[in-house]
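# everything below, folded, please.
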Amino acid sequence: GGGSEFGQGRVAIGDTKKRLELAVLKAAVGQVRQEYAFSQRRACRLLTVAVSSYRYQSRRSDEGLRGRLVELAREKPRFGYRRLHVLLRRSGEDVNHKRVHRVYREAGLSIRRKKRKHCGRTGQRLRACTAANQEWALDFVHDAVESGRAIRVLSVVDAYTRECLALEVDTSFASRRVTRVLEGIVAERGTPQTIRCDNGPELTCRHFLAWCIDRKIELVHIQPGRPMQNGRVESFNGRMREECLNVSWFGNLFEARGKIAVWRREYNEERPHSSLGYRTPEEFAREMSDEKGCGKGAAWKSKNNFST
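The predicted structure follows:
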């Protein structure tokens, strides 16, 4: 029961298929001699290290290379050892890149990498909405036209009525373009209480944050890598992908805008929505508006907030 297992190798000599580097072996010999008071020869024999290899002291001098690396590093302080090695070879010095790396580290020239700062986000579950404009959900969908050029689709969905408020198509979106689209929706149907979105640069920049603060809109950013926290617009994007993007061929950007606009009208006015009792989003929004106008209140609630 206490024997060695297959592939374990002998403890004294280690696995011959995985030979350690000489520097590590020399350090191990020194540790054995210090802890067990072994002679040099006995420790080397135990660890299968040649005594001549253990006693070997390199006679080569790296002072010239070290000085040249320090000089180049002062000229190019953000260059790593690989780029410095290229500069050395361009100047006519034939030196191994491993030697450059060793001398580079010994000279203390290693660059301290700056860690990217990420904003911490606390997860917020989807809220049960009871009226239109309580929450809008934003997200982007990517596709491409015939030439291979990428396009992006900005989708805006009302979390209660499931209406698609906008499907803006373009090759890129700056933050001001996003707020311009939202301004058009606000002018038509009023200001939302909350906007739920991901952490894209268009939705986390100062302009977008200031726009929401000026209009007293609560901004909810989901946690990175947790798209389910914006499940309503993700579900909508899935339907758009299956029913429009995957079955359409876009010759150019203008053709993509036209076909996606036609599908948006079909989605709002003709497509039955399962979580709305198989009514269209437009029919459901009209019924809820009539009930609230008559003072009855919105008594209907969806049992499945994610199905489409």
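
# strands of the stretch 101-250 of the chain, residue ranges please.
Secondary structure of the stretch 101-250 of the chain by DSSP state E, counting those that start in this stretch: the strands cover 135-144, 150-158, 164-170, 194-197, 218-221.

# out of these, nearest to V86?
strand 150-158 (33.0 Å; C-beta to C-beta). In short, each C-beta sits where N, CA and C put it, glycine included.

# make CSV from the strands of the stretch 101-250 of the chain and add mean pLDDT, mean neighbour count and distance to N96 to it.
As requested, the strands of the stretch 101-250 of the chain are exported to CSV (pLDDT from 0 to 100; neighbours: other C-beta atoms under 10 Å; distance: least, C-beta to C-beta, whole Å):
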stretch, mean pLDDT, mean neighbour count, distance to N96
strand 135-144, 96, 20, 44
strand 150-158, 96, 20, 42
strand 164-170, 96, 20, 51
strand 194-197, 95, 22, 51
strand 218-221, 93, 16, 49
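
# I'd like those strands laid out as CSV, including distance to F38.
As requested, the strands of the stretch 101-250 of the chain are exported to CSV (distance: least, C-beta to C-beta, whole Å):
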stretch, distance to F38
strand 135-144, 65
strand 150-158, 66
strand 164-170, 74
strand 194-197, 67
strand 218-221, 62
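
# closest to F284 out of those?
For those, distance to F284 was read as C-beta to C-beta. The smallest value, 10.2 Å, belongs to strand 150-158.

# so how far is that closest one from its chain's centroid?
Per C-alpha atoms, centre = their mean, to the nearest Å, the displacement of strand 150-158 from the mean C-alpha position of its chain is 19 Å.

# ditto for stretch 257-272
31 Å.

# contact partners of that stretch?
Stretch 257-272 is contacted from outside by 153, 163-164, 167, 169, 239-240, 243-244, 248, 250, 278-282, using C-beta atoms under 8 Å, 6 or more residues apart in numbering.

# mind redoing it with 6 Å?
Outside of stretch 257-272, the residues that reach it under the criterion C-beta atoms under 6 Å, 6 or more residues apart in numbering are E163, C164, L167, V169, C244, S248, Y278, T280, P281, E282.

# all set now, cheers.
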